[in-house]
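In: can you look at this prediction? I've put the sequence above it.
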Amino acid sequence: MLEFILERANYWAIIGLMMVGLYITFQSTNMIKRLVGLSIFQTSVFLFYITLGKVAGGSAPILYGADAKGHGGHDGHGETEAHGTEAAGAAVDHATDGPSSDEVTQAAEEGAHGAAEAASAYGGGLQEVYSNPLPHVLILTAIVVGVATLSVGLALVVRIREAYGTIEADEVRAMDIVTADAQDADDIELAAEAS
Amino acid sequence: MLEAIAGLAPDVIARHGAALLVVIPLVLSGIAAFMPNGRLGWMLSIAGCAGSLLCAVVLLLQVQTLPGGVVSYELGGWDVPLGIEFRIDALNVLFLLLIAAVGLLAAIFSLPTVVAEVRQEKRALFYAAYLICFAGLLGVGATGDAFNLFVFLEISSISTYVLVALGGNRDRRAFPAALNYLMMGTIGATFFVIGVGFLYAVTGTLNMADIALRLRDIDGSNRAVHAGFAFIVVGLGLKSAMWPLHQWLPNAYAYAPSFVTMFLSATATKVAIYALIRFTFSVFTPDMSFEAMNFGFLFAPLAMIAMIACSFQAVFQTDVRRMLAYSSVAQVGYMLLGVSIGTAAGLSAGMFHLVNHALMKGALFMAVAGVVLTYQGTRINDFAGLGRAAPLTMTAFAVAGISLIGIPLTAGFQSKLALLEAMLDRGWGFAVAVIVISSILAVFYVGRVLQAVFFLPPSNPRKARQEAPALILIPLWILTIATLWIGIQANWVIDLTDAAATAALNPGGIR
């Protein structure tokens, strides 16, 4: 049981961060806090992708050791293929050892695909196991998107503060209702004049 | 006619059209940001939209003539499953054409309203933001890569938040509306990314055609795929203002600058619906979406609630733009109802209504923009008596409004008829009743405005006879005449939507 929980520490962290973030976003009335909640929520997704990119036993995706000599391609494709299947096999072994769940099968497939992809993309020649670099790249993009969203959001809060004098969402809503009521009263007056 | 337009295109567009479609407006937006005044920015945005429209027309002809019906463009020359692919087939070329055409008309019409509503020093930046938004929407339509789709969705959304907030000069309520939109939109986009993450975990690829291919080999009961489906549907549902995830829409539409409202109502939710169609039909198989996940039984009731509830809310609005915004949510219900039947006829009818709705809502919001410009008011009372003061603007408004109701000889009638036929084919008689009730509610809300426009004495203090300027009237009447033309001669649009539905159901050319 403990093993079951600890093996998935990353996923528990993701779920926890996601719920904390969403809760702050919906519960808080302070607009800055709501944006903070939104950022925490997005962070959980970054962690999710990074976790997906981990290949069992893989190091950071920087060529080292035997791979660092050149960019590969000249030392034997047979080896590469053997290696790809080996990595996949290792991942599958790992999967069958642990409790059967979708996440683990995913990890196995991920490992298989990651290894095969790395081997075929690079034209072969990889001696070591590397984590899948693609999710890291994706998350770099997603972080940039998140920063852009946050900065636009904060700029909007600044303008709200200038226009309303508060950053509490419920106070802003109360002021808007007053404005809308005044307009409605205008409308009724105009309608009375017209008839 | 299309061939003649395509003949004007230089050779480079024939070869790189799929990329240039997005690149032209994106590059021009950077230039527009440095323009000293709004007029130059306006010219650049027209140039950008026209360039994209040309690319879209060329792509349409290529899709129609190529044997597989798929234009595949490898960005940066990377091989397809590894690199990012722009993949145009009959489904998305319809949306690209719609967005580019509406975007061009919107750009032409924008100058007078932007001059009136946006401060002098911000106009060039305003057009830069508009071009980014336009490029992002086209990118969502063109890309064949799931993560790239998210990036383009956020490119267009972030610039949309800025554009909506610029309405704050006129009414401060635009700021909270934009912030609210930002929160909801970001949650939606993030849900979408989580879903893509699940799919990536299972399939190990991000190319949508490749995901589809690999999902076929995977047992339908894989929980990760189901979770991914759920996240993607909710995320895109938020972006497409599916009831009950539409809360951001009415305020954002009501307080944004008139031009932004017009452009967004005709394009932004449509693109999200495209992505939804792409995922439920092409990436996940219809079998999985509609049988394993019961997508139809979730969506059809929500769509029908939207059609009734939001039409009902529209009836009680005093502000014309809010009324039209609620009507937009109701109309999204029509489109999703068509999609949720899961048949080719339903999908085609849903997309047909989508095209028509883009044209008529575009025309309605353009006419409202004209009134905001000349009479400074968006409440129904401000519209009283305008039928005599601005007959050209208001006639176009009336025609588009009648099309919204669905009276014969207008586009709205044709697509509602197609939708009814699709419902009857499927044996969903109750849906027919819902469509009819919703149309009757539309009679009330459109009728309230038309009655004020044509039968009430003018109550607006600026009584002088004043039409909207020609730059508004010309695009407005192009849209209005298109609405009437489709109402009489709908075949050419139906051909396009039928081809799109076929392409969605049989994603051809999968490797």
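Out: It's in. None of these values were measured; they are calculated from a predicted model.

In: and the residue in the stretch 301-450 of chain B that chain A sits nearest to, how many neighbours?
Out: At 4.7 Å from chain A, B:Asn381 is the closest residue in the stretch 301-450 of chain B, using C-beta to the nearest C-beta. (C-beta placed from N, C-alpha, C; glycine too.) A count of neighbours around B:Asn381, defined by other C-beta atoms under 10 Å in any protein chain shown, yields 22.

In: mind checking how far the longest helix along chain B is from the chain centre?
Out: Longest helix in chain B, counting residues (DSSP state H): helix B:344-375. Mean-position distance between helix B:344-375 and its chain equals 9 Å (C-alpha atoms, centre = their mean, to the nearest Å).

In: check whether that helix comes into contact with chain A.
Out: No - figure legend: helix B:344-375 not in contact with chain A (C-beta under 8 Å from any C-beta of the partner chain); closest approach 13.6 Å.

In: after that helix, which helix or strand is next?
Out: On the C-terminal side of helix B:344-375, the closest following helix or strand by DSSP states H and E is helix B:386-389.

In: for whichever helix or strand comes after that next one, packing partners?
Out: Next helix or strand after helix B:386-389 toward the C-terminus (DSSP H and E): helix B:391-405. With contacts taken as 3 or more C-beta pairs under 8 Å, 6 or more residues apart in numbering or on different chains; DSSP states H and E, helix B:391-405 sits against helix B:344-375, helix B:386-389, helix B:411-426, helix B:429-455, helix B:470-488.

In: now what about helix B:391-405, what contacts it?
Out: Applying C-beta atoms under 8 Å, 6 or more residues apart in numbering or on different chains, the contact partners of helix B:391-405 are B:327, B:331, B:356, B:360-361, B:363-364, B:366-368, B:370-371, B:386-387, B:410-413, B:439, B:442-443, B:446, B:449-450, B:453-454, B:467-468, B:472-473, B:476-477, B:479-480, B:483-484, B:487.

In: whichever of the residues you listed end up buried, select them in ChimeraX.
Out: Here is the ChimeraX selection string for the buried members of the contacts of helix B:391-405, based on 16 or more other C-beta atoms under 10 Å in any protein chain shown:
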select /B:327,331,356,360,361,363,364,366,367,368,370,371,386,387,410,411,412,413,439,442,443,446,449,450,453,454,468,472,473,476,477,479,480,483,484,487
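
In: low-confidence ranges, chain B, go.
Out: For chain B, the stretches flagged by pLDDT under 70 are B:219-220, B:292-293, B:459-465, B:507-511.

In: OK, contacts around residue 2?
Out: Using chain A here. No contacts exist for A:Leu2 under C-beta under 8 Å, 6+ apart.

In: that's the wrong chain, I meant chain B
Out: Applying C-beta under 8 Å, 6+ apart to B:Leu2 gives the contacts B:Val57, B:Leu60, B:Leu61.

In: can you check B:Asn169 too?
Out: B:Asn169 neighbours (C-beta under 8 Å, 6+ apart): B:Glu117, B:Val118, B:Arg119.

In: distance-wise, check the closest residue to B:Ala468 other than its chain neighbours relative to B:Gln376.
Out: Distance criterion C-beta to C-beta, 6 or more residues apart in numbering or on different chains; nearest residue to B:Ala468, sequence neighbours excluded, is B:Gly370 at 2.9 Å. Note on B:Gly370: its distance to B:Gln376, by C-beta to C-beta, to the nearest Å, is 12 Å.

In: do the same with B:Ile478
Out: Between B:Ile478 and B:Gln376 the distance is 25 Å, computed by C-beta to C-beta.

In: same question, A:Glu162
Out: Per C-beta to C-beta, A:Glu162 is found 23 Å from B:Gln376.

In: ok, now B:Ala325?
Out: Here B:Ala325 is placed at a distance of 20 Å from B:Gln376 (C-beta to C-beta).

In: which of these two has more neighbours?
Out: Comparing B:Ala325 with B:Gln376 by other C-beta under 10 Å, the one with more neighbours is B:Ala325, at 28 against 13.

In: was I right to think the more buried one contacts B:Ala256?
Out: No - using C-beta atoms under 8 Å, B:Ala325 makes no contact with B:Ala256, being 9.9 Å away.

In: for the stretch 1-150 of chain B, what lies in contact range of chain A?
Out: Residues of the stretch 1-150 of chain B lying near chain A (C-beta under 8 Å from any C-beta): B:Leu82, B:Phe147, B:Phe150.

In: please repeat the previous calculation with a cut-off of 10 Å.
Out: The stretch 1-150 of chain B has residues B:Trp78, B:Asp79, B:Pro81, B:Leu82, B:Phe147, B:Asn148, B:Phe150 near chain A, with proximity defined as C-beta under 10 Å from any C-beta of the partner chain.

In: show me where chain B has its strands.
Out: Remark: strands assigned in chain B by DSSP state E are B:71-74, B:85-88.

In: tell me what the first one is packed against?
Out: Packed against strand B:71-74, as judged by 3 or more C-beta pairs under 10 Å, 6 or more residues apart in numbering or on different chains; DSSP states H and E, are the following elements: helix B:11-32, helix B:38-65, strand B:85-88.

In: re the thing from before, so what sits against both of B:Ala325 and B:Ala256?
Out: B:Leu264, B:Ser265 (C-beta atoms under 10 Å, 6 or more residues apart in numbering or on different chains).

In: what is the burial count for the closest residue to chain A within chain B?
Out: Residue of chain B nearest chain A, by C-beta to the nearest C-beta: B:Gly204 (3.1 Å). Counted with other C-beta under 10 Å, the neighbours of B:Gly204 add up to 23.
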